[in-house]
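Participant: got a predicted structure plus its sequence, pasted below:
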Amino acid sequence: MATRRISDEAAFVLHRYDWSESSLILETFTRRHGRVALVAKGAKRPSSNFRPVLLPLQPLRLAFSAEGEIRTLKDAEWVGGQVMPTGDALLAGYYLNELLLRLLARDDPHPALFEHYAAAVQVLASEHGEALQPALRAFELLLLREVGVLPSLDVQTLAMAPLQAGETYGLVPEGGLVRTEPGEGRGALAATDWLALEQAMSQPAPFHATLREAARLSSALKPQLRNLLHYHCGVSSLRTRQLMVDLQAL
């Protein structure tokens, strides 16, 4: 019986590691099939067609077998259209990849999240450094919403009561969105800011709408989203974030 094959699948490589002297195991994020593990046989050989193509943060078209926990890569083509991010943007891209590896189960499709990721990578490759942090915050929010762990940002989570004008609220891992006293809680946002973020994530183009809001709120959002992400990833610090801190300390 012929092995069923998936072709022309939009994808990104999230991570790669050695499988043998000549082959690689790839963790990929695909539009229609979610996170998929692939073996790229012979990819480490100098003559392999896979060798110059299987790079992170680059849009690809893949063909692979449809059965098994780890599928076999049959073909890979670079789509083009953007350069490889460098410097801080490259580290930021690796950070996004780590989040996907930690929070997404294999073979669980998230086509909308795939589009958000592709849009975020485009921003990282654009060399507009001022957009880097807002792009990370926008993607973090949409990722948390997509995997079902971000509460509605237009109500107090435990009481399910509307947010009150003039009040500030913070995002707590085990309590959701809660009212804070003035000066209490790092990065608490005004009710109007949380409402604006909730509305942005509901727009037809949610990544870019959320990016615009995150551009003015990035500093306050960062510590709250970091705590939420660490909580759901089950770690006190993500490896890529710690690498950024270590490099900045050199």
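Facilitator: Now that the structure is in, tell me what you want to look at.
Participant: quick one: contacts for residue 38?
Facilitator: 25-26, 28, 62, 64, 70-73 (CB atoms under 8 Å, 6 or more residues apart in numbering). Where you see a C-beta, it was placed from the backbone N, CA and C, and this is true even at glycine.
Participant: what do you get if the cut-off is 10 Å, keeping everything else the same?
Facilitator: Listed by CB atoms under 10 Å, 6 or more residues apart in numbering, the contact partners of residue 38 are 11, 13, 16, 24-28, 30, 54, 62, 64-65, 68, 70-74, 76.
Participant: in ChimeraX, select just the buried ones from those residues.
Facilitator: To isolate the buried ones among the contacts of residue 38 in ChimeraX, judged by 16 or more other CB atoms under 10 Å, type:
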select :11,13,16,24,25,26,27,28,30,54,62,64,65,71,72,73,74,76
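Participant: neighbouring contacts of stretch 124-134?
Facilitator: 57-58, 81-93, 95-96, 120, 123, 135-136, 138-139, 210-219, 221-222.
Participant: how about 8 Å then?
Facilitator: 57, 82-85, 88-90, 92-93, 123, 135, 211, 214-215, 218, 222.
Participant: show me how far whichever strand or helix holds residue 134 is from its chain's centre.
Facilitator: Per DSSP states H and E: residue 134 is located in helix 132-146. How far helix 132-146 lies from its chain's middle: 7 Å, per CA atoms, centre = their mean, to the nearest Å.
Participant: now do it, average pLDDT.
Facilitator: For helix 132-146, the mean pLDDT works out to 97.
Participant: now do residue 57 against residue 232, distance only.
Facilitator: Distance of residue 57 to residue 232, computed by CB to CB, to the nearest Å: 23 Å.
Participant: just read off the phi/psi values of the most centrally placed residue in the chain.
Facilitator: With distances taken as CA atoms, centre = their mean, residue 96 lies nearest the centre of the chain, 4.1 Å away. Per-residue torsions, residue 96: phi -60, psi -40 (degrees, to the nearest 10).
Participant: nice, that's everything, thank you.
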